[in-house]
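Trainee: show me the folded form of this:
(4 chains)
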Number of protein chains: 2
Amino acid sequence: MKDGMTIGDAAKASGVNAKLIRYYESIGLIPEAVRTASGYRVYSATDVNILRFVKRGRTLGFGIERIQKLVGLWNDRSRCSSEVKRIALQHIEELEAKITELQAMRDTLHDLADACHGDERPECPILKDLAS
Amino acid sequence: MKDGMTIGDAAKASGVNAKLIRYYESIGLIPEAVRTASGYRVYSATDVNILRFVKRGRTLGFGIERIQKLVGLWNDRSRCSSEVKRIALQHIEELEAKITELQAMRDTLHDLADACHGDERPECPILKDLAS
DNA sequence: CCTTGACCTTCCAATCGTTGGAAGCCCCAT
DNA sequence: ATGGGGCTTCCAACGATTGGAAGGTCAAGG
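Mentor: As a prediction, the model looks like this:
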């Protein structure tokens, strides 16, 4: 193999765990890797770029399925940017919803914790709320 | 059975799905239900209270394990409220961390979406970032 | 009494993304 | 050739929930 690296090297180069790379391949997120005669997967610089793309997408909270779509758009030179933007905006909406939900949890708990003396006495507004 | 209800009734009364009630029993979060001669689970008003406690805890984002601890403290009349408060504060911290993480994702994506024309042209800062 | 339909039972599987282990093969260096 | 580290595949677990299949039970109505 002249230009290829092993899965371990690709993992180091992309920041994606070797196990995860195999998983991504198994679910069809990335194409099946070329193999050496003995069965080792071989990766090129292009493959590493795809892996980095995937990793960045995960960091931004995109689900695998959505990343798959983005990879497709990435490889389609004639795609409209509007299509990508639509996916991003939808993801932003979902992030907002999750954030709002978590903030509501935090605020409620914050109020309860404020009302709780937090001393050696058994009286506890937090448990009182949970039992309500 | 004089005072008992079926799992379906307990589900309606507590808001916890019957399947989930069985699951909670299987992992030991709630005690094993009494059974009728034919094997049906029987629930009391007290059981429903526990289920509501669990559901409220889940709504506030507590994990099962932590809820288990809270149920234990709830049943311990001599517990310190400080112990409950400590759990709540730790959970608040974790919620904050998750919120911050999601906000960072949202902010980054927001900037990228702003920079993206979102028209029929292929030029797209979002994909450019992902590929970086 | 018998059927019907709604409920209950258990067991098994899928979700989502990732990580871990076991068993076995491959490659390189000593 | 012996060791050790990386590679392979397969299987399982995480957390919480949901779904389905196959079969038993209960209550109501014909």
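Trainee: roughly how far does A:Leu130 sit from DNA strand D?
Mentor: 15 Å (C-beta to the nearest atom of the strand, to the nearest Å). In short, each C-beta sits where N, CA and C put it, glycine included.
Trainee: and the pLDDT for that residue?
Mentor: Turning to A:Leu130, the model gives it a pLDDT of 97.
Trainee: count the neighbours of it for me.
Mentor: 25 (other C-beta atoms under 10 Å in any protein chain shown).
Trainee: find the nearest non-adjacent residue to A:Val54, please.
Mentor: Excluding the flanking residues, the one nearest A:Val54 by C-beta to C-beta, 6 or more residues apart in numbering or on different chains is A:Ile67, at 5.7 Å.
Trainee: separation between A:Val34 and DNA strand D?
Mentor: From A:Val34 to DNA strand D the distance is 10 Å (C-beta to the nearest atom of the strand).
Trainee: secondary structure class for the spatially closest residue to that residue that is not a sequence neighbour?
Mentor: Distances taken as C-beta to C-beta, 6+ apart put A:Val42 closest to A:Val34, at 4.7 Å, once the chain neighbours are dropped. Classification of A:Val42 by DSSP: H, G, I helix; E, B strand; the rest coil places it in strand.
Trainee: gap between A:Val42 and DNA strand D?
Mentor: Distance from A:Val42 to DNA strand D, by C-beta to the nearest atom of the strand: 8 Å.
Trainee: who are the contact partners of that residue?
Mentor: By C-beta atoms under 8 Å, 6 or more residues apart in numbering or on different chains, the residues touching A:Val42 are A:Met1, A:Gly4, A:Met5, A:Thr6, A:Ala33, A:Val34, A:Arg35, A:Thr36.
Trainee: brilliant, that's me finished.
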